[in-house]
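> no sequence for this one, just the structure:
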């Protein structure tokens, strides 16, 4: 570390290197100005790439975005808000919570809205975890769980999966008296796999009394007939569900999410929620989006059709994937070298997918299910790549 400047450290942090508090002191930061324990152990989150150097109009299939965007009703609501940009939004989110309650058959008083479901995850860690506590996630679970846990000084615990699928017994075995939160994405990102309601209920029933099960339902709308865990929330006092408008609703650019849980837990989360965490534009656009369930059904059906085609096409080329219940597939290559070479070739063809080595899957590429034309381009390019190797 000797001789490293603060600017050099900043660049290294952006590249994913982690420094300790001692390192920070060595580059000249005052002993009196230091972050909380755990902060410098956080590797910066890397979102899906959106551009390829030297390639114009590259097709982004790296962030699981809805290729059809938001519904026309959501767009219209967004445009109408331009006339009230000088006004503060409502602080209680009552209209959006009511809409969510009506559409999903939930009690609006038990709904909390946030800046994406990420903010609800952050609230849960702030309210229920801290130094000396543990926060459990599955082996290939969403990286924000670790980040939010470390930010409050808690210790993240990764539990092995079984063939890229949640292992309830492994989670229960990992629980201790220090376990405060258990995060379960169902369907999971980046694997696309999910477990059934019976297994989720068994997990909730088996947790230690001080632990909360958080069901991350970011991709719940892509599963026909699935409530994201709402019925389990209703039945128990230790389960919270999170949802997002960033995926099937096509509103990733606005950052809107929500959670549903026992009234006492939601009351706690609202005490740390900023009063104006969502703008009027976010609230009104999301309300129009959630009420347009005809559009949701259309997007779900088209995603399922094209997802099936893409998975089968890649399998025929020797690139298997698990059955995905989301809007992406996790394509498995022979090894990390082949996955990286395939990614490089796809980029050269103007196709941006996601490497997932950071999720413990270096031999895989996560590929968003785009429209039919996009998926045919991906399959064709992978076929070309495989042909070049032979």
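Received it, and whenever you're ready, just let me know what you need. These figures come from a predicted structure and were not determined experimentally. Residues are numbered from 1 along each chain as shown.
> low-confidence ranges in this structure?
Residues of the chain meeting the criterion pLDDT under 70: 1-30, 44-56, 388-390.
> Please enumerate the strands of it.
Assigned by DSSP state E, the chain shows strands spanning 59-60, 111-114, 134-138, 155-159, 179-185, 212-216, 239-244, 257-260, 328-332, 351-352, 354-355, 364-368.
> Buried residues in stretch 240-255, which are they?
240-252, 254-255 (16 or more other CB atoms under 10 Å). For every residue, glycine as well, the C-beta is placed using N, CA and C.
> which non-adjacent residue is nearest residue 215?
Spatial nearest neighbour of residue 215, chain neighbours left out: residue 229 (3.7 Å); criterion: CB to CB, 6 or more residues apart in numbering.
> Identify the residues contacting the one you found.
Contacts for residue 229 (CB atoms under 8 Å, 6 or more residues apart in numbering) come out as 186, 200, 215, 217, 220, 239, 241.
> By neighbour count, which of those wins?
residue 241 (29 neighbours; other CB atoms under 10 Å).
> ok, it - contacts?
214-215, 217, 228-230, 232-233, 259-261.
> how about 6 Å then?
Neighbouring residues of residue 241 by CB atoms under 6 Å, 6 or more residues apart in numbering: 215, 217, 228-230, 233, 260.
> contacting residues for residue 183?
Residue 183 neighbours (CB under 6 Å, 6+ apart): 137, 145, 214.
> rerun that using 7 Å as the cut-off
135-137, 141, 145, 214, 216 (CB atoms under 7 Å, 6 or more residues apart in numbering).
> what's the single longest helix in this protein?
helix 293-316 (DSSP state H).
> For that one, give me every contacting residue.
Counting by CB under 7 Å, 6+ apart, 66, 68, 71, 103, 221-222, 224, 248, 321, 324, 327, 329, 331, 369, 371-372, 375, 378-379, 382 sit against helix 293-316.
> What subset of those residues is buried?
Buried, going by 16+ other CB under 10 Å: 66, 71, 221-222, 248, 321, 324, 327, 329, 331, 369, 375, 378-379, 382, out of the contacts of helix 293-316.
> And these, which is closest to residue 167?
The nearest member of the buried ones among the contacts of helix 293-316 to residue 167, counting by CB to CB, is residue 324 at 18.4 Å.
> I'd guessed the closest one sits against residue 192; true?
Yes: Residue 324 is in contact with residue 192 according to CB atoms under 7 Å; the separation is 3.0 Å.
> which residues do the two both contact?
residue 330.
> Quick check: closest non-adjacent residue to residue 88.
Residue 88's closest residue in space is residue 276 (CB to CB, 6+ apart), at 6.1 Å.
> Would you format the strands of the chain as CSV with distance to residue 283 included?
Putting the strands of the chain into CSV (distance: least, CB to CB, whole Å) gives the following:
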stretch, distance to residue 283
strand 59-60, 27
strand 111-114, 8
strand 134-138, 30
strand 155-159, 32
strand 179-185, 25
strand 212-216, 22
strand 239-244, 15
strand 257-260, 11
strand 328-332, 28
strand 351-352, 31
strand 354-355, 30
strand 364-368, 27
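> Just give me the closest of the buried ones among the contacts of helix 293-316 to residue 289.
residue 71 (6.1 Å).
> Many thanks, I have nothing further to ask.
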